[in-house]
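1. got a sequence here, can you build the structure:
(2 chains)
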Amino acid sequence: MQLVSTAIKIAVQLSWMITLVILLAACSKGPWNDPYSASEADKNVLYSSFSERPKHLDPARSYSASEYRFIAQIYEPPLQYHFLKRPYELIPLAATKVPQPRFLDVAGKLLPVDVDLKKVAFSEYEIRIQPGIRYQPHPAFARDARERYLYHKLTIEHIELVNTLADFPETTTREATAEDYVYQIKRLADAHLHSPLRGMLGGYIVGFDDYSKRLEGLREQLKKQSDEPQSFLDLRDYAIEGVEVLDRYRYRIRVKGKYPQLVYWLAMPFFAPMPWEADLFYSQPGMKKRNITLNWYPVGTGPFMLTENNPNLRMTLSRNPNFHGEIYPVEGTEEDHSNGLLNDAGKPLPFIQKAVYNLEKESIPIWNKFLQGFYDAAGISSDSFDQAIQFGNQGEAALTDEMKGQGIKLMTAVETSSFYMGFNMRDPVVGGLDERGRLLRRAISIAVDYEEYISIFNNGRGVPSQGPIPPGIFGVKEGELGINRYIYNAVKGKQKRKSIDEARELLAQAGYPGGQDKKTGETLVLYYESADSGPDGKARLNWMLKQFKKLGIQLVIRATDYNRFQEKMLKGTGQIFSMGWNADYPDPENFLFLLYGPNSKAVNGGENAANYSNPEFDRLFDKMKNMDNGSERQVVIDQIVELVRKDAPWAFGFHPKTFALYHSWYHNVKPNLMANNTLKYKRLDPQLRKQKRFEWNPPVVWPVILLLGLLVVSAIPAIIMHRQRERRAAK
Amino acid sequence: MIAYIIRRALYGIPILIGVNVITFVLFFVVNSPEDMARMHLGMKRVTPEAIQKWKQEHNYDKPLLYNESATGFDRVLNTIFFEKSVKLFQFEFGSSDSGRDIGYDISQRMWPSLAIALPTLIVGLAINITFALLIAFFRATYIDYWSVVLCVVMMSVSAMFYIIGGQYFISKLLHLVPISGYDTGIGAIKFLILPVIIGVIGGVGSGTRWYRTLFLEEINKDYVRTARSKGLSENRVLFRHVLKNAMIPILTGIVVILPLLFMGSLITENFFGIPGLGSYTIEAISRQDFAIVRSMVFLGSVLYILGLILTDISYTLVDPRVRLS
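-> Residues are numbered from 1 along each chain as shown, chains lettered A, B, ... in the order given. Predicted coordinates:
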C-alpha cells in the first residue's frame, strides 16, 4: 500500500498547494491574472509592449522606430510636428519659432528671399530656444556645497559599487542652453559615435567634415593617452565653422547652398540638446563596464524620463518633474472636433503619470493581454486579424462584433512608407534606359499584381503605389489624376490594373513574345534576389513565381540571408529585388532621392538600390529638392514622377496600412506618422480600466477542481487492484 | 579522486579550444565583419567609412584566423580569433558588440532562467518518478498499457502546443495566472506558475516512460527476485531496492543537466517574456553579436564539462563499487 499511499499523499499535497495558491490569489485586490501590481490598478499608468529591444538610446545614434518610441518622449529637439493638423506641419518645441533661412552669397552678403537658387552660396538658420527649459534630475549635474561636481571624478572603486544610475543618490538639474544644442551637433560629427547622419550632414553643414576629421585626430591622440575608448573629449573647446552659439538662448547653423529639408531634421532627436556634464559623466573610466552609458541612460528635457531601463524585461517612462510645460493643441480639423480630439484643448501636458513597456516577443500574449485589458492599445497580427476585423461590402474595414462588444476602437492610417520591386538598372537584361528595357519592366510591373499581394499577405492592409511618393506627402496627386497610366487604366475615376494581355503585348514589343527571346528563341530567365525568411516567405516567393509565369518568364529565386542580399545590392550584382523605405520627414525629396543617380548603391554605396541614373531625373531632382512647397514645385515633381513611371526602375508596390486597436479608456488617439513624441498627448481613464479588467477577468476555478476530482476518482480502480494484488496468494 | 577531477578538467581544455574554433568558423562562414557592422550601425544611411570605422573600433579589421602580413607568432596572435577567444579562458567575456558588459548581463539573466528551470526539474522529477513507479507496479496490466500509450502521445506533442494551449486554457479562459511577463523578487512567483506547470506537463510523457524503463529493467534482476522470495511487500521492493538501484542512470541524466539549467530555455523564455539566458543567446544570434554568441557557447561547454565531472562524482556517492582513479 505504501506506493499508492505515497501517490495519494502527493496528490493531497498538490491539492493543498493549489488551494493555497487559489486562496492567496483570492486575497489579492486585482484579477488573478493581472500581470501588474494591484496597487497600481487605478493609477494613471499606460501599459504597452515592445518586441525589439532598442539598440541605442543616444540621440546621436538612434534612428529606428523601436528607439524613437522611447527617446522621442525624453529628448526635445527645437521643432516638432503638430499633433492634429494635416498635412503635417512643423511647430516649435524647444524653439520659440520655426526658423526661416537667410540666404547669403559667396561673400557672405545677405540675399533676398526670392533670389535665384544659383546665387545662394549659404543658408543660415538662427534658432532661438525658450528660456527655462530644464533637464531631468541627473547625477551628472549634482554639485557639493562648494559648487564642485560630485560625480565627475569618480574612482574605479566607486564605480565598481554602482549597478545602475539610481545608485547615485544626488541628482539635480540645470537649464538647457544654446550651447547644449551646438554640443549635440558637434557630437554628430564625432566618428566614434557612429551617427547615421554624419555622412549626410557633411554635405550640408559648413565645416562639418573638417570638424569630423579634426575630432578623429583628437580621438587618436586621446587613445594613445588612455586605454578607455570612451575618454571624454570636451567638444566645447573645439569650434565648428558652420554652427555657432550666439548667446545663451540662440545659435546659428550655416549650410551650403539651399537645404530647406534641414528644418525637418531639426524635429528629430539628433538635434536635441546634450549637456556636456552628461557626456563627461558617462565617459569616466569604468562606467562602460557597468553598462552605464549615454547609450543606455538618456538625459533629456522632455515630458518623460527613463526611470527603469531593463530592455530584457521592462522600460518605464515617468514624468519629468522638471518639464517646462506644454499645452494640448487648440487647433485641429473638423474631424478632430467630432472625434473628441479637441476635448483637452489647452490643458497642460502630459496627462499620464507613467508608461510601462513590457518586453513581449510573441504576438499571442500581446493580443490576449490586450483583450484582457492589460494593454491599452495593440496592433493586429495576422493570427488575430479575422478575430478583430471584418470587411464590409465596399471593402471598408470594420471591427467584429466581439471587439465592438468590448468597446474597442479601430484606427487605421496609410503609412508614409513605400515598398517596391526594384530592377537593377545596371543589369543588361532588365536594366538600361532604352525602349526595350522600359517595355520589359513595364510589362513585369503590370503582371506583378500588388492588389492580390496586399489581399493575400497583408490582410488587405495596404494601398497599391502609383509612384515613389506615399500618400500624405507633398507632391502626391489623389484620385484619377494620381493614377499611373503605364500600369493602370482609369475606370470611373478609379485605378484598374491593365490586363495581362496588355502586359504580354508590351513584352512582345520588348522582344520577348510569349516570354521567349526573339533572337535566341529561348525562354527569358530572370533572377529574383530574396532574403525573405519570414513565416510566409515561401508562400510569397511562390506567389512571385506565379506573377512572372503569367508572362511566360521563368523566374529563378535566389534565396539568401540578409547579409548576402545586402552584399549583392552593394556590388550591384542582383537583378530583381524587393525593398522598402520609411519616411524620415514629410518631403518628396526623402523618397525621390532613392532614385537619384549619385546615390547609386553599387557606385557610391547610397540608397539608390536600383542604381537608376537618368540625367534628366537628376537635373529635375536637383531643382526640386531646394524648392519650397507650392505649384512650381508640384510641376517639377509631376515631371519627375512621370519620368520614373515611364522608365519604371521600380515596379511600384504598395504603401502599408496600419491597423491599431485601443480600448475605450484610452483617449487622444490620432495617427501621426511623422511625430514620435505623442505619448504626452495620450490620456487614460484608469477607473474605467480597473472596472473593465475585473469584469473581463473573473477567475474560473471549477475546471481545476473537476480535474483534481477526476484524478482522485481515476485512482480508485488502481487502489482496488493494488489491494487485490497484495492480498493475492503467491503462485 | 582529486587527481581524477584535475585530469578530467584538463581534458576539457582541448575540448573548449575545439568548441571555440568551431563556433568561430561557423559564425564567420555566415557573417562577415562587414555584415556585423551593418547590423549594428542600422539599415539607413550607413556609409562604407562608418563600416570601416566600426570594424577598427571593435578589432574586426584583422584577418580571421591567420595573419599573412605578420611575422612569427603574430601570424596567429594578431588575428580576430586569438584576440576574441583567449580571454574567454580567463572567464573575461568582455563587451558585446553593442557595448554592454557580457559578464554583467549573464549574471543578471541567469537567475530568471534558473527560477523556471529548477522548480520545473524538481517538481517534474518527483511526478515522473512517482508515475513511473506506479506504472512499474501495475506492469503488464491495462493501467500500464494505457499509461504508456498516454506517455507516447504526450511526448509526441510539440512543446509549442503545450505553451500555447496552456496559455490559452489557464490564462485566457480560466484567468488564473498572467499569460506572460516577469518580475523580480516575490513578485516573480505568479509569473512562474504557468511556465513551470507547462514545463512539468510537457516533460511528463518522456520522463515517466524513461524512468518506467529503468525501473522495469531493475525489477527483472536477481536481487529483486531474492527480495520478493524473502517475502517483502511489493512496495518495499520498489522503494527500498528498485528505486535505489535505478538511481545511477537517473543521476546520470540529472546531474549532467544541472549546470545547464542556468542556460535557460529559448522557447519558454520567448513565449513567457522571461529575461533569461536562453533568449539572450538567440537575440545575440539574430543581432549577429559574435561577442555574446562565443561567450554563451563557451559557457555552455564549460557547464557541460562540469556536469559530466559532477556525474562521475555522483556515481561514487550512489554506488560504493565505483571508484574514480
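2. can you map out the strands along the stretch 301-450 of chain A?
-> Assigned strands in the stretch 301-450 of chain A, in chain order: A:304-310, A:314-319, A:326-327, A:348-349, A:354-359, A:377-379, A:389-391, A:397-399, A:409-414, A:417-423 (criterion: DSSP state E, counting those that start in this stretch).
3. what helices or strands is the last one leaning on?
-> If I follow you right, that is strand A:417-423. helix A:435-447, strand A:576-582, strand A:650-662 (3 or more Cβ pairs under 8 Å, 6 or more residues apart in numbering or on different chains; DSSP states H and E). Any C-beta I mention is one placed from the backbone N, CA and C, and that applies to glycine too.
4. quick one on the thing from earlier: TSV please, covering the strands of the stretch 301-450 of chain A and showing mean pLDDT and mean neighbour count.
-> As requested, these are arranged in TSV below (pLDDT from 0 to 100; neighbours: other Cβ atoms under 10 Å in any protein chain shown):
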stretch	mean pLDDT	mean neighbour count
strand A:304-310	93	20
strand A:314-319	96	20
strand A:326-327	96	14
strand A:348-349	96	16
strand A:354-359	95	20
strand A:377-379	93	19
strand A:389-391	88	15
strand A:397-399	89	15
strand A:409-414	92	16
strand A:417-423	95	23
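5. with distance to residue B:216 added, can I get the ones you listed in CSV?
-> Putting the strands of the stretch 301-450 of chain A into CSV (distance: least, Cβ to Cβ, whole Å) gives the following:
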stretch, distance to residue B:216
strand A:304-310, 49
strand A:314-319, 49
strand A:326-327, 74
strand A:348-349, 71
strand A:354-359, 45
strand A:377-379, 51
strand A:389-391, 55
strand A:397-399, 58
strand A:409-414, 60
strand A:417-423, 60
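6. and residue 7, what pLDDT?
-> Since no chain was named, I'll use chain A. pLDDT recorded at residue A:7 is 57.
7. I was after chain B.
-> 88.
8. the helix or strand harbouring it and chain A, any residue contact?
-> Under the criterion DSSP states H and E, the helix or strand holding residue B:7 is helix B:2-30. Yes. Against chain A, helix B:2-30 shows contacts by Cβ under 8 Å from any Cβ of the partner chain at residue B:30.
9. residues touching residue A:351, list them.
-> Each residue near residue A:351 by Cβ atoms under 8 Å, 6 or more residues apart in numbering or on different chains is listed here: A:44, A:344, A:668, A:680-684.
10. can I see the domain layout of the chain?
-> Here I'm looking at chain A. With automatic domain parsing as the criterion, the domains of chain A are listed as A:2-32+A:699-727, A:59-296, A:417-658.
11. chain B is the one I meant
-> Segmentation of chain B into domains, based on automatic domain parsing, reads B:2-90, B:110-318.
12. tell me the SS of the residue nearest to residue A:584 when sequence neighbours are not counted?
-> Distances taken as Cβ to Cβ, 6 or more residues apart in numbering or on different chains place residue A:590 nearest to residue A:584, at 5.2 Å, with adjacent residues excluded. At residue A:590 the chain is in helix, as set by DSSP: H, G, I helix; E, B strand; the rest coil.
13. JSON lines for the domains of chain A, including distance to residue A:38?
-> Compiled in JSON lines, the domains of chain A are given as follows (distance: least, Cβ to Cβ, whole Å):
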{"stretch": "domain A:2-32+A:699-727", "distance to residue A:38": "4"}
{"stretch": "domain A:59-296", "distance to residue A:38": "24"}
{"stretch": "domain A:417-658", "distance to residue A:38": "33"}
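14. out of those, which is closest to residue A:371?
-> Taking Cβ to Cβ as the measure, the domains of chain A were each checked against residue A:371, and domain A:2-32+A:699-727 came out nearest at 12.9 Å.
15. before we move on, back to that, hmm, residue A:596 and the residue nearest to residue A:584 touching each other?
-> No. Residue A:590 lies out of contact with residue A:596 (Cβ atoms under 8 Å); the separation is 11.3 Å.
16. buried subset of the contacts of residue A:351 as a ChimeraX selection?
-> Only the buried members of the contacts of residue A:351 enter the following ChimeraX selection, criterion being 16 or more other Cβ atoms under 10 Å in any protein chain shown:
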select /A:344,668,680,681,682,683,684
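17. now the contacts of residue A:351 as CSV including pLDDT and secondary structure?
-> As requested, the contacts of residue A:351 are exported to CSV (pLDDT from 0 to 100; DSSP: H, G, I helix; E, B strand; the rest coil):
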residue, pLDDT, secondary structure
A:44, 95, coil
A:344, 96, coil
A:668, 96, coil
A:680, 97, helix
A:681, 97, helix
A:682, 97, coil
A:683, 97, strand
A:684, 96, strand
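18. give me the number of residues near the residue nearest to residue A:584?
-> Applying other Cβ atoms under 10 Å in any protein chain shown, we find 19 residues neighbouring residue A:590.
19. can you tell me which residues contact residue 150?
-> If you meant another chain, say so; for now it's chain A. Residues in contact with residue A:150 (Cβ under 8 Å, 6+ apart) are A:139, A:142-144, A:170.
20. I was after chain B.
-> Per Cβ under 8 Å, 6+ apart, neighbours of residue B:150: residue B:205.
21. okay, now the unreliable bits of chain A?
-> Within chain A, the ranges that satisfy pLDDT under 70 run A:1-29, A:226-230, A:533-534, A:729-731.
22. spatially nearest residue to residue A:105 (excluding sequence neighbours)?
-> Residue nearest to residue A:105 in three dimensions, not counting chain neighbours: residue A:121, with 5.2 Å by Cβ to Cβ, 6+ apart.
23. hang on, the earlier thing: wait, which of the strands of the stretch 301-450 of chain A is closest to residue B:78?
-> Ranked by Cβ to Cβ, the member of the strands of the stretch 301-450 of chain A that lies closest to residue B:78 is strand A:304-310, at 37.4 Å.
24. give the pairing partners of that closest one; include direction for each.
-> For strand A:304-310, the pairing partners within the sheet under DSSP bridges are strand A:314-319 (antiparallel).
25. hey, C-alpha coordinates of the strand it pairs with in CSV?
-> Listed next in CSV are the C-alpha coordinates belonging to strand A:314-319 (Å, rounded to 0.1, in the frame of the first residue of the first chain):
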residue,chain,number,x,y,z
ARG,A,314,10.7,46.4,-19.0
MET,A,315,11.2,50.0,-19.8
THR,A,316,9.5,52.6,-17.7
LEU,A,317,9.0,56.3,-18.6
SER,A,318,8.0,58.5,-15.7
ARG,A,319,7.0,62.2,-15.7
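26. does residue 124 sit in a helix, a strand or a coil?
-> The chain I'm using is chain A. Judged by three-state DSSP, the three-state class of residue A:124 is strand.
27. actually it's chain B I care about, not the one you picked
-> When states are read from three-state DSSP, the local structure at residue B:124 comes out as helix.
28. alright, calling it a day.
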